[in-house]
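Student: Can you look at this prediction? I've put the sequence above it.
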Amino acid sequence: MNKFIFPLLIGIVHCCSIAAQAPTEQYPIDSASVEQSGVPRGEVLKFTFDHSKIFPGTWREYWVYIPAGYKPDRPACVYVNQDGIQWKAPVVFDNLIYKKEMPVTIGVFVTPGRVRTADGATTLDRYNRSFEYDGLGDAYARFILDEILPDVETHTTTDGRPIHLSKNGNDRAIGGSSSGAIAAFTAAWERPDAFSRVFSAIGTYVSLRGGDRYPGLIRKYEPKPLRIFLQDGANDLNIYGGDWWKANEMMERALTFAGYSVRHVWGEGGHSGAQGTSVFPDAMRWLWKDWPQPVVAGASKNQFLNDLLIRGEEWELVGQGYSFTEGTAANAAGDVFFQDIPNGKTYRVGPDGKLVPLAIDSKKASGTSFAPDGRRFTCTGSKEILSYGGTDVKLVADSISGNDLVVAHNGNIYVTAPNGVEKPGKIILVTPAGEKKVVDEGIKFPNGIALTPDQTQIYVTESASHWVWIYTIQPDGSLTNKQRFGWLHVPDTQENAWPDGLKCDTAGRVYVTSRLGIQVLDQTGRVNAILPVPSGQASNVCFGGRGFDVLYVTCGDKVYRRKLRTRGSNSFEAAYRPMTPKL
């Protein structure tokens, strides 16, 4: 065995042992996989890493390939591979770099972690491969970016040169096989700013730890600037976790639908690295083609998404440095108001984009809504509902531990009143006459609340779950026909989607802030699109600007906005009928 080839670990070996007998695999050998006379050879350094804070207690080995042409005065491109050295990668890199078919690239080949036991002779280590590789979420990306790559840069080459790695995502690729492949894709999916190129061989996009969700998510998300090379064989695994071959086909079709730069090579082989080794040189040529031109996001075929997004219109920072932002709402002029809850501050953003703090104590207000007469209503931390008209402040109701509220065109006010994450909360109606009435209870942490454009129904988010509830509004303001309506996507690392604020547009679409960003539902409760936010967790949302076509979102200590191809629905406007949903 070539000294640079690291065998696939037990996860793949075990899978292969239970797979159906695959035909003998014969694939052509690319000349770049063979040592060439006259081609300078790089060196391979070996290290261990045993002080991870992201995967505590783990120990692992990793190898660093330094190409012959590497010069420390310029940070090198980076390729990260899971499961150690595969694909005859050092030889391939030597040849491709020499022929300028890929840039000068340092390879980092990382093995999965093991939590060692006290007595290795009589006890078994904890093997962390599936935990680190198969799950969704950003933990593995953070491990590579915040721990492994910085550790690489603490070392030097054998002749004392410092190792400098590029921090530019366009200069970085990541790859792997089987579970290592989904780990590579997940790292790039979570951090496209850090990895723009992915090599995936016999990828485990099945239901071991949620990888089967990727094809659906890819179709709904706003496209990311990624280039992906996929390889699999028709005789790959078909076991308890799923069908690897069909899962890879679904990934290819989803990525193509969503506008990604994707290439695939299918064979007849099983769950092995044979074809991956054969195609690896060509995959590297394709992944690095046109470098240093950046990989750009493509155009999705998701019509729902295309109906909203305007090419060239990206998220824009409105303000930052707050403690926690919430309570977005727009008035009839399109001015947007939001709250910095812990600091008791309220801010206004005019149609000209200028940000102005209001000279008031908001009393740690959260939810905000405007009435037809222009007054601004808020839920305060002092259990009050207040209304503002210029400098005039009125107490509307007290003794309500409200979180969010909406004022209907007829003057009725609906308030969500959580009672902790696990205890049932309430929805309270405050009439124009000041009467308070509990119109529903039982939802765990009712949070955001919004009216349908025709104001005959009302949406309420249940933050402790993945549901958006819907009710019918009766003539007396009471609520009936309670139903779990909107089904939201939940991140792998959480037990709930944490749906928070929500608003509708005039077409009837529902924009729900969540842990994944803004999930956009159609009128039948289906998530059709997901708009990730630049940073933080989205907490509330509204439409502002003169045409109510700018989406504002609060995200922790920041506020962002983005112009869309739609118009927001305002509860202070007269009710109107939205378009009929497509069933």
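Tutor: Nice, I can see it.
Student: can you list contacts of stretch 207-223?
Tutor: Stretch 207-223 has contacts (C-beta atoms under 8 Å, 6 or more residues apart in numbering) with 130-131, 134-136, 179, 182, 185, 189, 204-206, 241-242, 247, 250-251, 253-255, 257-260, 297-300, 302, 305, 309, 489, 492, 527-532. C-betas here are computed from N, CA, C, even on glycine.
Student: buried sites along it?
Tutor: Using 16 or more other C-beta atoms under 10 Å as the burial criterion, the residues of stretch 207-223 that qualify are 208-212, 214-215, 217-223.
Student: Could you do stretch 544-551 as well?
Tutor: Neighbour-count burial for stretch 544-551 [16+ other C-beta under 10 Å]: 544-545, 548-551.
Student: again with stretch 103-120
Tutor: Neighbour-count burial for stretch 103-120 [16+ other C-beta under 10 Å]: 103-114.
Student: now these as a markdown table including secondary structure and pLDDT?
Tutor: Formatted as a markdown table, the buried residues of stretch 103-120 follow (DSSP: H, G, I helix; E, B strand; the rest coil; pLDDT from 0 to 100):
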| residue | secondary structure | pLDDT |
| --- | --- | --- |
| 103 | coil | 98 |
| 104 | coil | 98 |
| 105 | strand | 98 |
| 106 | strand | 98 |
| 107 | strand | 98 |
| 108 | strand | 98 |
| 109 | strand | 98 |
| 110 | strand | 98 |
| 111 | coil | 98 |
| 112 | coil | 98 |
| 113 | coil | 97 |
| 114 | strand | 95 |
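Student: Show me which pair in those residues is furthest apart.
Tutor: Using C-beta to C-beta, the two most remote members of these are 103 and 114, lying 33.3 Å apart.
Student: Now intersect the buried residues of stretch 544-551 with the helices, please.
Tutor: Using DSSP state H, no member of the buried residues of stretch 544-551 sits in helices.
Student: nearest to residue 508, of the residues you listed?
Tutor: Checking the buried residues of stretch 544-551 against residue 508 with C-beta to C-beta, the nearest one is residue 548 at 14.7 Å.
Student: got a list of what the closest one touches?
Tutor: Per C-beta under 8 Å, 6+ apart, neighbours of residue 548: 330, 334, 567-568, 570.
Student: Contacts for the helix or strand that contains residue 80, please.
Tutor: Element membership for residue 80 (DSSP states H and E) is strand 77-82. The contact list for strand 77-82 (C-beta under 8 Å, 6+ apart) reads 87, 89, 93, 102-110, 112, 133, 144, 148-149, 165-166, 171-177, 179-181, 183-184, 187, 195, 284, 288, 291.
Student: Please indicate which of the residues you listed are buried?
Tutor: Buried members of the contacts of strand 77-82, scored by 16+ other C-beta under 10 Å, are 87, 89, 93, 102-110, 112, 133, 144, 148-149, 165-166, 171-177, 179-181, 183-184, 187, 195, 284, 288, 291.
Student: what comes up buried for stretch 511-524?
Tutor: By neighbour count on 16+ other C-beta under 10 Å, the buried set for stretch 511-524 is 511-523.
Student: now it: how far from the chain's centre is it?
Tutor: In terms of C-alpha atoms, centre = their mean, to the nearest Å, the centre of stretch 511-524 is found 13 Å from the chain centre.
Student: Ok, stretch 103-111 next?
Tutor: How far stretch 103-111 lies from its chain's middle: 26 Å, per C-alpha atoms, centre = their mean.
Student: swap in stretch 503-523?
Tutor: On the basis of C-alpha atoms, centre = their mean, stretch 503-523 sits 16 Å off its chain's mean C-alpha point.
Student: and if you look at stretch 522-538?
Tutor: Distance, centroid of stretch 522-538 to centroid of chain: 10 Å (C-alpha atoms, centre = their mean).
Student: Quote the end-to-end distance of that stretch.
Tutor: The first residue of stretch 522-538 is 19 Å away from its last residue (C-alpha to C-alpha, to the nearest Å).
Student: before we move on, what about stretch 558-573?
Tutor: Distance across stretch 558-573, first residue to last, is 29 Å (C-alpha to C-alpha).
Student: Show me what counts as buried in it.
Tutor: Of all the residues in stretch 558-573, those buried under the rule 16+ other C-beta under 10 Å are 558-564, 566, 568-573.
Student: pLDDT (mean, whole number) over it?
Tutor: For stretch 558-573, mean pLDDT rounds to 97.
Student: again with stretch 426-439
Tutor: Stretch 426-439 comes out with an average pLDDT of 96.
Student: Can you give the contact residues for it?
Tutor: Stretch 426-439 is contacted from outside by 385, 396-397, 400, 402, 410-417, 419, 440-441, 443, 446, 449, 460, 477-479, using C-beta under 8 Å, 6+ apart.
Student: Give me the buried entries from the residues you listed.
Tutor: The neighbour count (16+ other C-beta under 10 Å) marks 385, 396-397, 400, 402, 412-417, 440, 443, 446, 449, 460, 477, 479 as buried among the contacts of stretch 426-439.
Student: Tell me which entries of the contacts of strand 77-82 lie within helices.
Tutor: Within the contacts of strand 77-82, residues falling in helices by DSSP H are 89, 93, 133, 149, 179-181, 183-184, 187, 284.
Student: Just send these back as CSV, with pLDDT and distance to residue 275 too.
Tutor: Output for the ones in helices among the contacts of strand 77-82, formatted as CSV (pLDDT from 0 to 100; distance: C-beta to C-beta, whole Å):
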residue, pLDDT, distance to residue 275
89, 98, 15
93, 98, 19
133, 98, 20
149, 98, 29
179, 98, 17
180, 98, 15
181, 98, 13
183, 98, 19
184, 98, 17
187, 98, 23
284, 98, 15
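Student: Which of these sits closest to residue 346?
Tutor: residue 187 (39.9 Å).
Student: shaky segments in the chain?
Tutor: Applying pLDDT under 70 to the chain flags the ranges 1-23, 120.
Student: In strands only, show me the buried residues of stretch 558-573.
Tutor: 558-563 (DSSP state E).
Student: Out of those residues, which comes closest to residue 314?
Tutor: Closest to residue 314, out of all of those and judged by C-beta to C-beta, is residue 562, at 6.8 Å.
Student: any idea where the helices of this protein begin and end?
Tutor: 10-18, 89-98, 129-133, 139-143, 149-152, 179-190, 214-220, 244-257, 274-287, 303-306.
Student: Let's have those in JSON lines, adding distance to residue 227.
Tutor: JSON lines is the format used below for those (distance: least, C-beta to C-beta, whole Å):
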{"stretch": "helix 10-18", "distance to residue 227": "25"}
{"stretch": "helix 89-98", "distance to residue 227": "16"}
{"stretch": "helix 129-133", "distance to residue 227": "21"}
{"stretch": "helix 139-143", "distance to residue 227": "17"}
{"stretch": "helix 149-152", "distance to residue 227": "20"}
{"stretch": "helix 179-190", "distance to residue 227": "9"}
{"stretch": "helix 214-220", "distance to residue 227": "14"}
{"stretch": "helix 244-257", "distance to residue 227": "10"}
{"stretch": "helix 274-287", "distance to residue 227": "6"}
{"stretch": "helix 303-306", "distance to residue 227": "20"}
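Student: ranking these by burial, who's on top?
Tutor: Of the helices of the chain, the one with the most neighbours on average (mean count of other C-beta atoms under 10 Å) is helix 179-190, at a mean of 27.
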